[in-house]
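> I'll drop the sequence and a predicted model, then ask my questions.
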Amino acid sequence: MRIHFGLRYGIAIILVMCLNAFSQTWTAQTSGTTATMYASSFVDANNGWISGTSGQLLHTTNGGLSWSSQATGATNTIYGLNFVDANSGWASGFNSIVYSTTNAGSLWLSQYSTLFAVKSQRFSNANTGLIGGTDGNIYKTTDGCVSWVLQETAMLNIC
């Protein structure tokens with residue numbers, strides 16, 4: 001009986017120590033907008049972007065202490081946001097367009113127009129990425145959004 005109690009006690013202590021070692025503190029930041037934010041993408045502790053309703057896209061270079069607005073051309077909600085480095089990123093949403101930037105968001109270009117709302121995307125580098133949305137399909141590019149290939153899926157409204 002003592003061995004069980006001691007083992008349980010030891011495991012509990014190890015779990016608490018691990019949780020404390022890996023826990024992080026969150027600090028509220030002020031974005032300066034009243035838009036509802038849906039997505040974020042940070043490439044390091046300082047450089048990040050957040051996006052939301054009415055085409056709002058904000059950028060920080062100081063870990064969220066201050067934010068600057070970036071114009072994508074989107075007027076609807078931007079649900080998807082993904083940066084692979086400090087310069088290359090993608091934004092997408094209910095306007096059915098995937099926007100891309102290669103200069104940290106100073107200029108956003110329309111890369112792909114779809115027949116459905118793109119609610120999620122993930123790029124692993126400047127050429128390879130996946131998008132998914134309300135039509136239940138997933139599309140993949142390997143040439144930087146020049147062409148897209150439908151991926152097999154049986155799901156509806158995956159995002």
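Cool, got the structure.

> going forward, measure contacts between C-alpha atoms and count neighbours the same way
OK.

> for residue 97, give the beta-bridge partners.
residue 113 (DSSP bridges).

> what sits against it?
Each residue near residue 97 by C-alpha atoms under 8 Å, 6 or more residues apart in numbering is listed here: 110, 111, 112, 113, 114, 117, 118.

> state the phi and psi torsions of the first one.
Taking degrees, to the nearest 10, you get phi -70, psi 120 for the backbone angles of residue 110.

> how many other residues sit next to the spatially closest residue to residue 51 that is not a sequence neighbour?
Leaving out its chain neighbours, the residue that sits closest to residue 51 by C-alpha to C-alpha, 6 or more residues apart in numbering is residue 57, at 4.3 Å. Neighbourhood size, residue 57 [other C-alpha atoms under 10 Å]: 27.

> direction included, what does whichever strand or helix holds residue 41 pair up with?
Following DSSP states H and E, one finds residue 41 within strand 37-42. Strand 37-42 has the following sheet partners, assigned by DSSP bridges: strand 48-52 (antiparallel).

> what is the neighbour count of residue 33?
Residue 33 has 13 nearby residues by other C-alpha under 10 Å.

> per-residue pLDDT, it?
You'll see residue 33 listed with a pLDDT of 85.

> now do the same for it: helix, strand or coil?
State at residue 33, reduced to three classes by DSSP: H, G, I helix; E, B strand; the rest coil: coil.

> likewise residue 54?
Classified using three-state DSSP, residue 54 is helix.

> quick one: pLDDT of it?
90.

> which residues are in contact with it?
Contacts of residue 54 by C-alpha under 8 Å, 6+ apart are 35, 74, 75, 76, 77, 78.
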